[in-house]
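*Asks:* Mind looking at a prediction? Sequence and model below.
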There are 2 protein chains.
Amino acid sequence: MHKSTEGFIWTPTGYHYGLPTTSTIPSTPTSSLSGTYDVIVLGAGFTGLTTARDLAFRGKKVLLIEARDRIGGRCWTAQTDELDSSAKLEIGGAWVHWLQPHVFSELQRYGLDQFVETVSHPDAEVVGKEGRDGSATLLDPHEGKEMMERIGQLMERFFDVDGQGGRSVLSFPFNTQASVAKSAEYLKLEELSITDRVAQLELGDEDRDMLSAHAASFFGLDPGQVSFMEVLKTHALCGFDQDMIEAATMKYKISEGTTGLALAILKDFNGDRILRAPVKAVTQDLGGSFPVTVTLQNGEVYRAKALVSTIPMNVLPSITFDPPLSELRREAFTAGVTPARTDKLLVCTPTKFERGFNFTCEGDESDLPYTAGFTDGSYGPNTLLTLLTRPDHALDRSNENIRLVETLHPTGIELHSAYGHLWSQDPYAGGVMPVRKPGFMRYYEEVRRPHGRVWFAGSDFADGWRGFISGAFEDAYRVTREVLGRGDIW
Amino acid sequence: MHKSTEGFIWTPTGYHYGLPTTSTIPSTPTSSLSGTYDVIVLGAGFTGLTTARDLAFRGKKVLLIEARDRIGGRCWTAQTDELDSSAKLEIGGAWVHWLQPHVFSELQRYGLDQFVETVSHPDAEVVGKEGRDGSATLLDPHEGKEMMERIGQLMERFFDVDGQGGRSVLSFPFNTQASVAKSAEYLKLEELSITDRVAQLELGDEDRDMLSAHAASFFGLDPGQVSFMEVLKTHALCGFDQDMIEAATMKYKISEGTTGLALAILKDFNGDRILRAPVKAVTQDLGGSFPVTVTLQNGEVYRAKALVSTIPMNVLPSITFDPPLSELRREAFTAGVTPARTDKLLVCTPTKFERGFNFTCEGDESDLPYTAGFTDGSYGPNTLLTLLTRPDHALDRSNENIRLVETLHPTGIELHSAYGHLWSQDPYAGGVMPVRKPGFMRYYEEVRRPHGRVWFAGSDFADGWRGFISGAFEDAYRVTREVLGRGDIW
C-alpha cells in the first residue's frame, strides 16, 4: 500500500510521519494532459470528485487538480500493520447516516452501504479530568444521567423559539432560501449567537453555563462566536429529535472507509487529474475561448472555460485571484466564520474498558490538549479510542502530549500506538469546518454567486449538512447544475 | 400542452378521457434508431429513466422502451384549464420528503427541491359515512383525538417485538441483507401477517380490530395478507417515530410535479427511446453479441447485450419470457404479493371547509367506493380533495360513483370537477404497489437475481422505500451497478 506524506503514527519509541492509505493515486501522465479544458475543478475532496464526475458524465472535458498526494480532502482512511491492516482508521471526517441523504444515496449507488457501528455505551465509565496535574476521576453515572436529562430539557427550551420547537423557522433544513422565504424570524434569529439565545431564556448561572457549553460543543467553539441557527439547523436535520443526533452524526462509519467511497467516485470519473499540485493563482481575462487560467505553485499553467473551486473556505484567502474577489466575499471567508481548529487523535490501547470509556475534560481553563474521547471499535486485543483536541490548543508532535492520554483514566491507559493528523495546522484544510458566526446570512448570496467564470463550492457552502460529508455532495450537485446551466459558456 | 390518452376529467356534464400533461414525449425518430444496443431498458418510470441515464453516462448505448404515451410510470402530473393551468394534479404517486434520501437527492441535483405542502388540519372536520344510503356524520373531534392517542399507544406495542420498539430487528431499513444478518428475529417476524402480530398482543376485541385496521391502512389491504415487516419497515424508515410518518409520506409534493422530475432526468439521458410500445416478449439465446431480443406488440424487434426490466411486478406475468422465468420467481410475482388495487380521485370543489376536511369511511361492509379523503391544497376559489378508493371495489366511470362525493359531508360537497386514473385497471400498472405477503423473504434472492442477461428492477423490488418514489431510484442504482459490474458482458 502507498503512503501519504500526511498523518503520523506514534508509538512509545517515537513518531513516524506519513500513513499507509489507498487514497494516494497517480496523476494522469503529463503526455496525456491538455493545456485547455472545459472545466477545471480544484480539490479532490468529495465535492471536487463528484463535480468532476458529473460534469464529465455530461460530456465536459474536465481536469481535476489536487494539492495533496491523496484524494478525499478532509476525509481519508489509513490502514496500518501496526494495528490490524484490515482496520480502517478515519483520520478526518467519518460519520454518515441515512438522515444524511446525499452521502447515503452515493453509498448505495456504489454498493458501499455497509457500516461499522461505533457502539454507544449508555452506561460507559464517564471520566473527567481538569488539567495536566489533576488526576482523572470516575464520575457518578447516576449524576451523569440526571445531568443529560437536564441538558435535554434545556436544549428543548433553547430550540423552542416559536412554541413549535423551532419547526416554523426551519421548515426546509436543506434549503435556506425556502426556509427564509417561509419564516420572518429566520434572519432575526440568525443574528443571534448561542450566547445571545441562551441569555433570552433567563436561566440561573449553572443552567446557563451548562446549556451554553453543551450547545457550543456541537462545534467545539466559543458560544459567542457561533450563530444560533447553526445549532438549530443541526437539530432540524435530525428531525427535531435530540435522540437522533448521536446516531445521525457519530455512530456509523463506512465499512470500506471514506477512502473507499472516494475511490469509487474517482473510478467513475473519466477525465484528467493532477495530484501534488498546490494552486498559486486563478486569473481571468475577458476574451478568448479559455478565459480562466490556473497557475500552480510549480509554475505550470492550465486554462479552462470555467472553474470550480472546492478549496475549503478557510484556505481560500491563501490563493491569489485576479481580478480579486469582492471585499464582501473575502470578509465572508474570514470575519464571517470561525474555523473549528480541532485535531482528532486515534489511540490504540490494550487496556480493557468493560463498559466503554467516555471522557470529558471540563473547565475552560484546562491545559490538557484533549476535550473529549470515546471508545470507537476494537481490533483484536486492542481498543481504539477517539480523542478530540481542544481548539486552538493544538496537539503538537511532542511525546508528552500523547503521553497525557495515559492519565485520562484513574487506572491508567496503556498506549500501544496513536494515529492522527494535525488538521489545525494543515495548509489545505485550515482546521476542520468553518462555522458561521451570527449574521453570516448577509454574505449568503455573495459566496454562492460565481466570480466571473469561477464558482465556489464545498461542504462549507452547503445548506443542509454543512461541514459534513453529505454537504459536500449537496454542493457538488448545486454547482454542477449552475455551471451546466450557463448557456453563455456552452 | 399535449394530452395523454390516460386519465379522465369528470364534470357535471360528463366524462372526458385523456388529460393534458407535459409527460407525453416523442420517440426517437425511427431513422435514428439502431437494431442493437448495449442495454435495453423497459419502462420509463423513475427506475427506467434513471437506469437509462446512468448507463448512458457510463458510455453504454441504451434504448428505453415505454408502453405508454408518457413517461413517469405510476407517477405523472396533469395540468388543466378546467381548474387552473398552474395547478399540478398528481394523478399517481406524489409524496416525497428528505427522509426519502434518493428522491430528495435527485430533486436537489436538479434544483427541484421546492415543495407544495399538503396542510395537515389537526382539528379538521372529521366526517364518517357508512355506505351509499347512510348519511355523513361529523365525528366528535375530542373522541377522534382520544382514539388517535389510543391507536398510537397500540402501534407502539405492535412494533415493540424486542423491548426496543423494533429497533434491533430493523437496524438498516435500507438494507435487508444487513438487517437479516444482524437480527435472528428478522426472518421469523417476516413470516407473521399484521393479523398474526396483533394476535400476539392479546388485546380486547375493540383494540384488536382498531389496531389491525390501522396497521393495514398503510396499504389499504386485508391485514391477514400483509407481512408485519412491511409495517415495521415503514416505521423504521421514519426513524421509529410515529409522528414522522405523516410528514414523510403524505405532506410534500414536488412544486414542479413528479413529471417535472421525470423530464429533468429524461433531458439528462442522451440515448434512444420509443414510446407507445408495449412489449410482447423477451427472448434470450445463448450465442451472438446481442443475445437478448425484445419483441414489441407491434412486431418490431430490438436486440441488446443486456436488458433491464422495470416493469411493475404486477404486470410481469403478462410478458412472455423465453427461456421462461423460474417457477419460484413467477410465484413471487403472483402468490408472493398482494397488489394494492386502489384508485385515487382528485375532486375540485368550491365548498369551503374552514378547518379542512378529513373523511374516513368506516366498516368493511360499506358499499361506498371511497375509504378516505382529505383536503389537498386550494386553487383560486376551489379546494382540491384527494379521495382514495376501496381496493378491489374500483371506481368505475359511472356518473353515480363520482356523484357520491356530494354525500360525503353533512352539508354536501359541491362538485366542480374531478380528475383521476383507474390504476386498478391499468394494464401497465396492475394496481398501485404490490405489498409483500408474510414469508416473501423466501423469494428475496430469486427476484433480484438476473435471469440470464435480464435484470428486474423498480420500486417494487427496493429494500428501503419500496412502493415509494425513492425506492425507484434506490433500485435503479442497484441494477445499474449490477449490470455494469458484469465483467463477462463488457
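*Replies:* On my side now, so go ahead.
*Asks:* ok, and the closest non-adjacent residue to whatever residue of the stretch 251-400 of chain A ends up closest to chain B?
*Replies:* Here the residue of the stretch 251-400 of chain A nearest chain B is A:Asp268; by Cβ to the nearest Cβ that distance is 7.2 Å. For every residue, glycine as well, the C-beta is placed using N, CA and C. Excluding the flanking residues, the one nearest A:Asp268 by Cβ to Cβ, 6 or more residues apart in numbering or on different chains is A:Arg53, at 5.2 Å.
*Asks:* where does the residue of the stretch 251-400 of chain A closest to chain B fall, phi/psi-wise?
*Replies:* phi -80, psi -10 (degrees, to the nearest 10).
*Asks:* these two touch, right, it and B:Arg58?
*Replies:* Yes - using Cβ atoms under 8 Å, A:Asp268 makes contact with B:Arg58 at a distance of 7.2 Å.
*Asks:* who has more neighbours, the two?
*Replies:* A:Asp268 (20 against 16; other Cβ atoms under 10 Å in any protein chain shown).
*Asks:* Look up how far B:Phe57 lies from the more buried one.
*Replies:* From A:Asp268 across to B:Phe57, the span is 8 Å (Cβ to Cβ, to the nearest Å).
*Asks:* cool, and A:Arg167?
*Replies:* 38 Å.
*Asks:* who's more crowded, the two?
*Replies:* More neighbours surround B:Phe57 than the other of A:Arg167 and B:Phe57, with 21 against 18 (other Cβ under 10 Å).
*Asks:* residues contacting the more buried one?
*Replies:* Contacts for B:Phe57 were tallied using Cβ atoms under 8 Å, 6 or more residues apart in numbering or on different chains; they are A:57-58.
*Asks:* Let me see the contact set for A:Ile319.
*Replies:* A:279-282, A:309, A:311.
*Asks:* nope, A:Asp162 is what I meant
*Replies:* A:168-169, A:185.
*Asks:* Could you verify that it is part of a strand?
*Replies:* No - according to DSSP: H, G, I helix; E, B strand; the rest coil, A:Asp162 belongs to no strand; its state is coil.
*Asks:* what does chain A put close to chain B?
*Replies:* Residues of chain A found near chain B (Cβ under 8 Å from any Cβ of the partner chain) are A:57-58, A:98-99, A:101-102, A:104-105, A:108-111, A:113-115, A:172-175, A:178, A:239, A:241, A:244, A:268, A:473-474, A:477-478, A:480-481.
*Asks:* Could you pick out the buried ones from those residues?
*Replies:* A:57-58, A:98-99, A:101-102, A:104-105, A:108-110, A:113-115, A:172-175, A:178, A:239, A:241, A:244, A:268, A:473-474, A:477-478, A:480 (16 or more other Cβ atoms under 10 Å in any protein chain shown).
*Asks:* re the thing from before, the residue nearest to A:Asp268 contacts A:Phe269, doesn't it?
*Replies:* Yes - if you go by Cβ under 8 Å, A:Arg53 and A:Phe269 touch, sitting 4.2 Å apart.
*Asks:* Tell me where the stretch 101-250 of chain A has strands.
*Replies:* Assigned by DSSP state E, counting those that start in this stretch, the strands in the stretch 101-250 of chain A fall at A:115-117, A:125-128, A:137-138.
*Asks:* where does the residue nearest to A:Asp268 fall, phi/psi-wise?
*Replies:* phi -60, psi -50.
*Asks:* Give me the distance between it and B:Arg109.
*Replies:* Using Cβ to Cβ, one obtains 12 Å as the distance from A:Arg53 to B:Arg109.
*Asks:* what's the neighbour count on A:His421?
*Replies:* 22.
*Asks:* give me the low-pLDDT residue ranges for the stretch 51-200 of chain A?
*Replies:* Counting by pLDDT under 70, the stretch 51-200 of chain A shows low-confidence ranges at A:120.
*Asks:* 90 instead, please
*Replies:* A:80-87, A:117-148 (pLDDT under 90).
*Asks:* Are any of the contacts of A:Ile319 buried, and if so which?
*Replies:* The buried subset of the contacts of A:Ile319 - by 16+ other Cβ under 10 Å - is A:279, A:282, A:309, A:311.
*Asks:* quick one: which of these is nearest to A:Thr5?
*Replies:* A:Val279 (18.0 Å; Cβ to Cβ).
*Asks:* quick one: contacts for the closest one?
*Replies:* A:Val279 neighbours (Cβ under 8 Å, 6+ apart): A:42, A:65, A:67, A:294-297, A:311, A:319.
*Asks:* and the gap between the residue of the stretch 101-250 of chain A found nearest chain B and A:Trp465?
*Replies:* Closest contact between the stretch 101-250 of chain A and chain B, by Cβ to the nearest Cβ, is at A:Pro101 (3.6 Å). The gap separating A:Pro101 from A:Trp465 is 9 Å, by Cβ to Cβ.
*Asks:* hang on, A:Phe218 packs against A:Thr234?
*Replies:* Yes - with contacts counted by Cβ under 8 Å, A:Phe218 reaches A:Thr234, the gap being 5.9 Å.
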